[in-house]
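Q: below is the sequence, then the predicted model.
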Amino acid sequence: MSLIDVKNLHKEFVTDGVVTKVLHHIDFEISEGEFIAIMGPSGSGKSTLMHILSFLDRPTSGEFLFKGENTTEFDDKKLAHLRNSEVGFVFQQFNLLPRTSVFDNVKLPLTYTKKVQEKGKKKLVDDAIEAVGLEHRKNNLSNQLSGGEKQRVAIARALVNDPDVIFADEPTGNLDSRSGAQVMEILDDLSDKGKTIILVTHEQYTAEYAERIIKLKDGEIVSDSKEHYRRRKGLQK
Ligand SMILES: Nc1ncnc2c1ncn2[C@@H]1O[C@H](COP(=O)(O)OP(=O)(O)OP(=O)(O)O)[C@@H](O)[C@H]1O
Ligand SMILES: [Mg+2]
């Protein structure tokens, strides 16, 4: 069974009676553990697709199955629950709380978790911070960090409640190439450990960390390929 199965998905926005068609005839499946990059020009629908896949928005028509269940039949409460428990987010702008410690930023998604006691939460936060190599910054305020460190905190926050999928929308967009590469190495490492990762990027070299690249143009999939990855692995042998 696929983790994600999208069938003939369409999305349009209606604003003041004006209809904007954004996604058309989108079909694909994503297996558990895949590392996927979504590419395409500005306005091609990458973020819109990602918002639907992460339960932030709904398709206008078509099906979106998550673990075999048709999410289009779920009510808002169920979608919110899935969003909180099954997915983690990393954004271009980091979206951290300023003047708040690294530790407390990473702990945020656990605030309303009742399953885990306070001591257990501390361990989960420490483990997530360790996974991104920021133990030495744990008590710093987030606004004292470099851009690359901020993004690593955002990844730790995305990881802390052990979601099935991590969505990263242009995670290297605000970083210099060295910090960007560090962030991609961490995502690569998480992928090796079995996390499903769905990345949006404009940059070909960033996309090539993923094993599969889906390209969108004007809201349609124009290619869905693993060719580059076979080449990359081939070169490494
Ligand atoms: N809420 C909305 N209402 C109306 N139109 C929208 C809305 N959200 C997105 N759009 C339109 O949908 C299209 C796709 O937007 P989207 O943000 O998905 O593009 P993108 O591929 O992520 O672009 P970028 O690379 O610039 O982030 C754009 O033309 C955008 O103006
Ligand atoms: Mg976008």
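A: Okay, I see it. Ligands and ions are numbered 1, 2, ... in the order given.
Q: so which bits of the lengthiest helix in the chain are buried?
A: Longest helix of the chain, by residue count under DSSP state H: helix 177-192. For helix 177-192, the neighbour count (16 or more other Cβ atoms under 10 Å) marks Ser179, Gly180, Ala181, Gln182, Val183, Met184, Ile186, Leu187, Leu190, Ser191 as buried. All C-beta atoms are positioned from the backbone trio N, CA, C, and that covers glycine.
Q: name all residues that make contact with the residue nearest the centre of the chain.
A: With distances taken as Cα atoms, centre = their mean, Phe167 lies nearest the centre of the chain, 0.6 Å away. Counting by Cβ atoms under 8 Å, 6 or more residues apart in numbering, Phe167 touches Met50, Leu53, Ser54, Val87, Gly88, Phe89, Val90, Ile198.
Q: out of those, which are inside strands?
A: Assigned to strands by DSSP state E, the following of these qualify: Val87, Gly88, Phe89, Val90, Ile198.
Q: quick one: the last one and ligand 1, what's the gap?
A: Distance, Ile198 to ligand 1, by Cβ to the nearest ligand atom, to the nearest Å: 13 Å.
Q: residues contacting that residue?
A: Ile30, Ile36, Ile38, Met50, Leu53, Val165, Ile166, Phe167, Ala168.
Q: can I get stretch 77-96 in PDB, CA atoms only?
A: What follows is stretch 77-96, C-alpha atoms only, in PDB (Å, rounded to 0.1, in the frame of the first residue of the first chain):
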ATOM      1  CA  LYS A  77     -11.200  17.900  13.000                       C
ATOM      2  CA  LYS A  78      -9.800  14.700  11.500                       C
ATOM      3  CA  LEU A  79      -7.600  16.600   9.100                       C
ATOM      4  CA  ALA A  80      -6.200  18.800  11.900                       C
ATOM      5  CA  HIS A  81      -5.400  15.700  13.900                       C
ATOM      6  CA  LEU A  82      -3.600  14.200  10.900                       C
ATOM      7  CA  ARG A  83      -1.700  17.500  10.400                       C
ATOM      8  CA  ASN A  84      -0.500  17.500  14.000                       C
ATOM      9  CA  SER A  85       0.400  13.800  14.300                       C
ATOM     10  CA  GLU A  86       1.500  12.600  10.900                       C
ATOM     11  CA  VAL A  87       3.400  15.500   9.300                       C
ATOM     12  CA  GLY A  88       6.200  17.800  10.200                       C
ATOM     13  CA  PHE A  89       6.900  21.100   8.400                       C
ATOM     14  CA  VAL A  90      10.100  23.000   7.400                       C
ATOM     15  CA  PHE A  91       9.600  26.400   5.800                       C
ATOM     16  CA  GLN A  92      11.900  28.800   3.900                       C
ATOM     17  CA  GLN A  93      11.400  31.500   6.600                       C
ATOM     18  CA  PHE A  94      12.200  29.100   9.500                       C
ATOM     19  CA  ASN A  95       9.100  30.300  11.400                       C
ATOM     20  CA  LEU A  96      10.700  30.000  14.800                       C
END
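Q: could you shift the numbering so residue one becomes 65, and keep it that way?
A: All right, first residue 65 from here; so that's stretch 141-160.
Q: that stretch: how far from the chain's middle?
A: 8 Å (Cα atoms, centre = their mean, to the nearest Å).
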